[in-house]
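Asks: Sequence first, then the predicted structure:
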Amino acid sequence: MELHLPQFTFRIKDNQGKKVIFDRFRRRWVALTPEEWVRQNFGCYLTEIKHFPASLVAVERTLKINQHDFRSDIVLFSKSGNPLAVVECKAPEVKISQQVFDQIARYNLELRVDYLMVTNGLSHYCCRFDQRQLTYTFLPEIPDYKEIES
């Protein structure tokens with residue numbers, strides 16, 4: 001499926017009648033679902049276009065919030081190991097709604113990052129969270145790693 005992202009090269013194969021894609025971040029084969037397609041493409045966009053070091057990208061990181069386990073799609077870290085941004089990926093047919101922003105805001109209760117990103121591969125949103133004022137400011141585009149890291 002075509003996304004509103006640059007085209008990247010992936011390793012995809014058939015595994016017992018199901019398509020799988022090699023996840024370069026987790027270094028293993030995973031089921032190629034529509035959401036996974038967005039996750040893989042957006043991860044490549046962040047590393048190849050926005051210059052996030054691949055070694056500082058965590059995919060499907062487990063979070064514990066109020067005794068419940070959740071998995072964030074992508075967490076971006078600083079060189080010192082502190083989380084900088086969290087990304088929520090949805091399948092292209094899923095509309096980006098308030099519910100999606102509420103989901104990523106819940107993840108941020110644990111992560112406490114300054115940047116939150118949401119994408120369905122067709123629409124991409126990024127906002128900066130002001131921890132003191134408890135306000136969000138939507139940015140016109142996804143910032144480069146150097147902008148977020150500084």
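Replies: Sure, I can see it. Residues are numbered from 1 along each chain as shown.
Asks: Can you tell me the SS state at D102?
Replies: What DSSP: H, G, I helix; E, B strand; the rest coil gives for D102 is helix.
Asks: Now for it: which residues touch it?
Replies: With contacts defined as Cβ atoms under 8 Å, 6 or more residues apart in numbering, D102 has no neighbours. C-beta: built from backbone N, CA, C; applies to glycine.
Asks: which SSE is D73 in?
Replies: strand 68-77 (DSSP states H and E).
Asks: and that strand, what's its mean pLDDT?
Replies: Average pLDDT, strand 68-77: 90.
Asks: likewise stretch 33-53?
Replies: For stretch 33-53, the mean pLDDT works out to 98.
Asks: And for stretch 106-124?
Replies: 94.
Asks: From what I see, Q103 and E88 are in contact.
Replies: Yes. Counting by Cβ atoms under 8 Å, Q103 does reach E88; the two are 6.1 Å apart.
Asks: who's more crowded, the two?
Replies: Higher neighbour count among Q103 and E88: E88, with 21 against 16, using other Cβ atoms under 10 Å.
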